[in-house]
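# sequence first, then the predicted structure:
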Amino acid sequence: MIIIRVMNNIKFRWLSAQLQSALKTMPVVVITGPRQTGKTTLAKFLIKDASRQYFSFDDLDIQEQANANPDSLLQQLPVTIDEVQRVPSFLLAVKKRVDAGRKPGMILLTGSANLALLKTVSESLAGRAYYLELPPFAPLEWTETKDPLAPVESLFGADFSTQIWPTKKGDWKSWVLRGGFPPALALTDATSLDLWFSGYVQTYLERDLRDLQQISNLPDFRRLMRLAANRVGRLFNQSEVARDAGLSQPTAHRYLNLLETTYQIERLPVYSTNPSIPLIKSKKLFWKDSGLGAWLAGISDEKVLKHRPDIGFWLEQSIFQTLQSWRSLSPAHRNIYYWRNQKGNEVDFILEQNGDLAALEIKSGSQVTPADAKNLIAFRDSLPKKNSLVRSLVLFDGTTARPLGDNIFALPFGWLFPV
């Protein structure tokens, strides 16, 4: 099992089995994700014998060597290279070394940027590398719940029953403020959490971003981050954000791409049920870490959250925290979308697994009626192949699971946020 260390505690990561399997199959494995999710600890923990070397491009001496003589860092294998995005040209040396002789697990790379989106990366390592994304902790992962995603996976089974769906009450409001970064989750008071997120943003702005691309005006970038945080879960209008931030369209576009490249945000695409029928093209924005997004939005505590008019969107953000972890366990076979048509019917999340779909409508209330399923029905009716939709759900803040209609169920979401 792969673990990370938080203070004196040991936390297991859901991604461990996929990582171990990839190292036994592919010559290069790349772990990416935001800063502070535990990528470095994962990489270091894999060193079980003296034969695997470890180098970090955070070390300026190693970084200089990688630029001047990259082949020298690949002479002795297996090897782990941390924060590879700091020297994008190093991937050319990796390609050359793999082509000289392939062995499973010979090179493990980590990076805090999406290498596929970096303009400075010209080598994709196609056919040579397997990419894994390590997201921030989901609540069930942090609390080490047994069989944590079994209920979600059961949605795609032919024998789904409301009897197997957990009905425990949870506390999503506290989890959305804490997020999923291990150092932040280890803190116990709001003041410490505020200081941690402030330091994270400062380091991100002044170090990570400037390594990837020169930012001429950090206050402008910070203002755009805050505006993006206050648009969680909604259709994201880039022109509107650029106007509100006082930025040109090209500058806002570049800044948003940087946020996406460094795994701070994700812009969720719309699910197209029929390419011949025009749909809303806008994407929905979510933060990879809900705690960071809430901090940037000025949500300091649960009292502030409770009185926000957009509290329902923050519930979606908190559920996205788990959905992105579900997707990361099988990135080649799982996708997350939303759906909206030109009439305004919208479904919050569409989960896709091997071509099968599950539609999720999120409700913050404790009561559900069949009328709450109208958008789910609209989505089902829009599908050319109705049998591709295996299940439709209204997730709500209650304690009773029950059918709502033809393959439509009302299911509590509380279990996703253990008390």
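Received the coordinates, thanks. Numbering: from 1, shown residues only.
# residue 352: what secondary structure?
Residue 352 carries the three-state label strand when classified by DSSP: H, G, I helix; E, B strand; the rest coil.
# got it, and residue 140?
helix.
# neighbours of it, how many?
23 (other CB atoms under 10 Å). Every C-beta, even on glycine, is put in place using the N, C-alpha and C of the backbone.
# show me the helices in the stretch 151-300 of the chain, by range?
Along the stretch 151-300 of the chain, counting by DSSP state H, counting those that start in this stretch, helices occupy 172-178, 182-185, 190-203, 209-212, 218-229, 238-245, 249-261, 290-296.
# which elements pack onto the third one?
Counting contacts by 3 or more CB pairs under 8 Å, 6 or more residues apart in numbering; DSSP states H and E, helix 190-203 is packed against helix 182-185, helix 290-296.
# show the average pLDDT along the last one.
Within the predicted structure, the mean pLDDT of helix 290-296 is 97.
# what does the shortest one give?
Per-residue pLDDT values over helix 182-185 give a mean of 95.
# any chance you could map the helices in the stretch 301-419 of the chain?
Listed in chain order, the helices of the stretch 301-419 of the chain (DSSP H, counting those that start in this stretch) span 302-306, 311-328, 374-382.
# deepest-packed of the ones you listed, please.
helix 311-328 (a mean of 22; mean count of other CB atoms under 10 Å).
# kindly export it (C-alpha atoms) in CSV.
Extracted in CSV, the C-alpha atoms of helix 311-328 (Å, rounded to 0.1, in the frame of the first residue of the first chain):
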residue,chain,number,x,y,z
ILE,A,311,-24.6,27.9,-0.8
GLY,A,312,-26.1,25.3,-3.1
PHE,A,313,-23.2,25.7,-5.5
TRP,A,314,-20.7,25.1,-2.7
LEU,A,315,-22.5,21.8,-1.9
GLU,A,316,-21.8,20.8,-5.5
GLN,A,317,-18.2,21.8,-5.0
SER,A,318,-18.0,19.6,-1.9
ILE,A,319,-19.4,16.6,-3.8
PHE,A,320,-17.0,17.3,-6.7
GLN,A,321,-14.2,16.7,-4.2
THR,A,322,-15.1,13.0,-4.1
LEU,A,323,-16.2,12.6,-7.7
GLN,A,324,-12.7,13.7,-9.0
SER,A,325,-11.2,11.1,-6.8
TRP,A,326,-13.6,8.5,-8.2
ARG,A,327,-12.5,9.5,-11.7
SER,A,328,-8.8,9.4,-10.9
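# quick check: mean pLDDT across that helix?
98.
# can you check stretch 353-369 too?
96.
# thinking again about what came up before, adding distance to residue 156, write the helices of the stretch 301-419 of the chain out as CSV.
Output for the helices of the stretch 301-419 of the chain, formatted as CSV (distance: least, CB to CB, whole Å):
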stretch, distance to residue 156
helix 302-306, 32
helix 311-328, 11
helix 374-382, 16
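# nearest to residue 398, of these?
Each of those has some distance to residue 398 by CB to CB; the shortest is helix 311-328, at 13.4 Å.
# thinking again about what came up before, mean neighbour count, the helices and strands packed on helix 190-203: which tops it?
helix 290-296 (a mean of 26).
# show me what that helix is packed up against.
helix 172-178, helix 190-203, helix 218-229, strand 283-287, helix 311-328.
# now do the last one against strand 283-287, angle only.
Looking back up the chat, that one is helix 311-328. For helix 311-328 against strand 283-287, the angle by axes from the mean of the first three to the mean of the last three CA atoms, to 10 degrees is 80 degrees.
# quick one: helix 311-328 to helix 218-229, angle?
Between helix 311-328 and helix 218-229, the angle comes out at 90 degrees (the same axes, to 10 degrees).
# show the contacting residues for residue 131.
By CB atoms under 8 Å, 6 or more residues apart in numbering, the residues touching residue 131 are 30, 32, 115-116, 331.
# again, but for residue 359
For residue 359, the contacting residues are 339, 347, 349-351, 376, 379-380, 389, 391-393, by CB under 8 Å, 6+ apart.
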